[in-house]
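Asks: Sharing a model prediction with you, sequence too.
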Amino acid sequence: MPRSALAGTRIRESRMALGLKQADLAAQTGISASYLNLIEHNKRRIGGKLLVSIAGVLGRDPNMLAQGGESALIEGLQNAAGPSDGAEIDQIEEFVGRFPGWAEKITAQAQRIAALEATVGGLNDRLTHDPVLSEKMHDVLGSVSAIRSTASILVTTPDIGADWRARFHANIDAESRRLAETSAGMASHFDRLARRDSGFATPLEQVSAFFERRRYHIAEIEADGPVVIPDILANSPEFESDAARSVAGTALKIYARDVERLPLVTFGAAARATRFDPAALAREFKVDLMVVFRRLASLPIAADMPEVGLVICDSAGAMLFRKPPPGFGLPRFGAACPLWPLFSALSTPGQPIRRDVESTENRKFRTYAVTSPVGMPSFEGPPLYHAAMLLISDEDGVQNPRPVGSSCRVCPRPDCVARREPSILQVD
């Protein structure tokens, strides 16, 4: 029996786990309870918009409901193996079938390693760019330098007068108190960050965490449109501030407009037919490349899809949206690799760029970048632009890729002409 034939069983198990009655789920998805009963007993096939709608109500990924956990394990093992020549990629399905427990553990370990690497990169970015921490570190170094200089004078000048000695002692006392207060302030700053449920301090970080948890696919909007946005903003645990909800609201409204212009089923079929060629899709649907980029990045994960990533930045190069594909690290706070086609596109607004690149993890990607104006043109101020870079994994089709990195601080490439600062990583 094909895996998709058991989608009804998975829907029933998910519904019961939530304590949701069959009649309630049917009412929320616009079908009759009797029809849902046939679906749950695998007597009716399900797919398309109805599957997306049911998955949205159940809070599940549509692909997981349709294909089950086995396909997810296969995909997870493929991601864990990466481009390694030593792994028997052609035997993954057999391995999952014979040893599902081990497959799950290996997949979980690979995900844990990837999460830890992302955490290290995020912490490095935070230590580098956190304005509060930067100010307090400056104060600490200032106090330490003052204490050292004063102590040095006292040690090297044994015949100093009593009045001057008292002044120097008072300076050391004052700087020591200041040092203690600054250190306490730094500890409090770290405590505030640690106490946050999500661990994300800024509105953009909170929005990034939301999209990451949803795997960049918002099933509720796919099914019901923008009417569900207020509920999403009110019930998502990542949003800890009004500022985060405001940023997320803008992003979700753009998502809803993209869904209206490029419906999931129609666009997904066209994407596969064109082999995920953004230029061909833009011509077919008569939309801007930026819209196609966003829509490709929002497609649900499937076995017949390549890995897709997306970066959007403003004219200053500050990241506004980031979806890192497996094997291509994206920094959380800007300071990205200047060799990315994203930044080349910023210098030539409206001119699309296509370039093959290779990440520091030896993964190959075909990238597409474009810069588009934001809002309506005006004579009252300078034009505003957003640049976007779409990344599509292509291990076989990419030839002679350009080596690029994530950020200089965590890039191990030793002889990069664009390096701004030494890497913190040990290079063998």
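Replies: Noted; the coordinates are in hand.
Asks: quick one: G225 from D231, how far?
Replies: Using Cβ to Cβ, to the nearest Å, one obtains 12 Å as the distance from G225 to D231. Every C-beta, even on glycine, is put in place using the N, C-alpha and C of the backbone.
Asks: Can you give me the separation between the spatially most central residue of the chain and R261?
Replies: Centrality entry for the chain: nearest residue to the mean C-alpha point is K323, 3.9 Å, by Cα atoms, centre = their mean. In this view, K323 and R261 are 19 Å apart by Cβ to Cβ.
Asks: nearest spatial neighbour of P324, skipping sequence neighbours?
Replies: Spatial nearest neighbour of P324, excluding adjacent residues (Cβ to Cβ, 6 or more residues apart in numbering): L330 at 4.2 Å.
Asks: host element of the nearest residue to G48 once chain neighbours are set aside?
Replies: Among residues not flanking G48 along the chain, V265 sits closest, at 5.1 Å (Cβ to Cβ, 6+ apart). Following DSSP states H and E, one finds V265 within helix 264-273.
Asks: now do A387
Replies: strand 385-393.
Asks: so what secondary structure elements neighbour that strand?
Replies: Applying 3 or more Cβ pairs under 8 Å, 6 or more residues apart in numbering; DSSP states H and E, we find strand 385-393 packed against helix 289-298, strand 308-314, helix 341-346, strand 364-373.
Asks: strands paired with it, and their directions?
Replies: strand 308-314 (antiparallel), strand 364-373 (antiparallel) (DSSP bridges).
Asks: and those as a markdown table, adding mean neighbour count and mean pLDDT?
Replies: A markdown table is the format used below for those (neighbours: other Cβ atoms under 10 Å; pLDDT from 0 to 100):
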| stretch | mean neighbour count | mean pLDDT |
| --- | --- | --- |
| strand 308-314 | 21 | 94 |
| strand 364-373 | 22 | 94 |
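Asks: and of these, who's closest to R420?
Replies: Ranking the strands paired with strand 385-393 by their distance to R420 (criterion: Cβ to Cβ) puts strand 308-314 first, at 16.9 Å.
Asks: how long is stretch 233-242 from one end to the other?
Replies: 10 Å (Cα to Cα, to the nearest Å).
Asks: hang on, the earlier thing: compare the strands paired with strand 385-393 and report which one is nearest to E240.
Replies: Among the strands paired with strand 385-393, strand 308-314 sits nearest to E240 (Cβ to Cβ), with 22.7 Å.
Asks: List the strands paired with the helix or strand just after the closest one, with their directions.
Replies: Following strand 308-314 in sequence order, the next helix or strand is strand 319-323 (DSSP H and E). Here strand 319-323 is paired, per DSSP bridges, with strand 308-314 (antiparallel).
Asks: what angle do the partner strand and helix 264-273 make?
Replies: Angle, strand 308-314 to helix 264-273, by axes from the mean of the first three to the mean of the last three Cα atoms, to 10 degrees: 110 degrees.
Asks: coming back round to it: what's the local residue count around the residue nearest to P324?
Replies: By other Cβ atoms under 10 Å, the residues close to L330 number 22.
Asks: Pop the domain breakdown of the chain in here.
Replies: The record's domain parsing of the chain by automatic domain parsing lists 3-110, 131-195, 301-428.
Asks: what about the second one, distance to the chain center?
Replies: It refers to domain 131-195. How far domain 131-195 lies from its chain's middle: 40 Å, per Cα atoms, centre = their mean, to the nearest Å.
Asks: Do me a favour and average the pLDDT over that domain.
Replies: What domain 131-195 shows for mean pLDDT is 80.
Asks: Give me the distance between G185 and L320.
Replies: Counting by Cβ to Cβ, the gap from G185 to L320 is 31 Å.
Asks: Now do the same for the residue nearest to the centre of the chain: its pLDDT.
Replies: With respect to pLDDT, K323 has a value of 93.
Asks: how close does it sit to L296?
Replies: 10 Å.
Asks: intersection of neighbour lists for those two?
Replies: V308, L310 (Cβ atoms under 8 Å, 6 or more residues apart in numbering).
Asks: Following the chain past the strand holding A387, name the next helix or strand.
Replies: strand 402-403.
Asks: What strands line up against that next one, and which way round?
Replies: According to DSSP bridges, strand 402-403 forms sheet pairs with strand 353-358 (parallel).
Asks: And the residue nearest to P324, which helix or strand is it part of?
Replies: Judged by DSSP H and E, L330 forms part of no helix or strand.
Asks: For it, what are phi and psi?
Replies: Reported as degrees, to the nearest 10, the phi and psi values for L330 are phi -120, psi 130.
Asks: next one: K21
Replies: Backbone torsions of K21, given as degrees, to the nearest 10, read phi -70, psi 150.
Asks: tally of neighbours for it?
Replies: Residues lying near K21 (other Cβ under 10 Å) number 12.
Asks: Can you tell me how far it is from R12?
Replies: 12 Å.
Asks: Next up, the contacts around T29.
Replies: So T29 contacts L36, L50, S53, I54, V57, A223 (Cβ under 8 Å, 6+ apart).
Asks: One more pass at 10 Å, please.
Replies: Contacts for T29 (Cβ atoms under 10 Å, 6 or more residues apart in numbering) come out as 35-36, 49-58, 223-224.
Asks: Where helices are concerned, which of the residues you listed count?
Replies: 35-36, 49-58, 223-224 (DSSP state H).
Asks: Most widely separated two among those?
Replies: Y35 and D224 (18.9 Å).
Asks: want to throw the strands paired with strand 385-393 into CSV with distance to R409?
Replies: Shown next, in CSV, are these (distance: least, Cβ to Cβ, whole Å):
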stretch, distance to R409
strand 308-314, 17
strand 364-373, 21
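Asks: how close does D394 get to A269?
Replies: Taking Cβ to Cβ, one finds D394 at 21 Å from A269.
Asks: of the two, who's got more company?
Replies: Remark: of D394 and A269, D394 carries more neighbours, 19 against 10, as counted by other Cβ under 10 Å.
Asks: beta partners of the nearest residue to the more buried one once chain neighbours are set aside?
Replies: Sequence neighbours aside, R366 is the residue nearest to D394 in space, at 4.8 Å (criterion: Cβ to Cβ, 6+ apart). With DSSP bridges as the criterion, R366 is bridged to D356, I392.
Asks: Quick check, R366 in contact with R402.
Replies: No: with contact defined as Cβ atoms under 10 Å, R366 and R402 do not form a contacting pair (11.5 Å).
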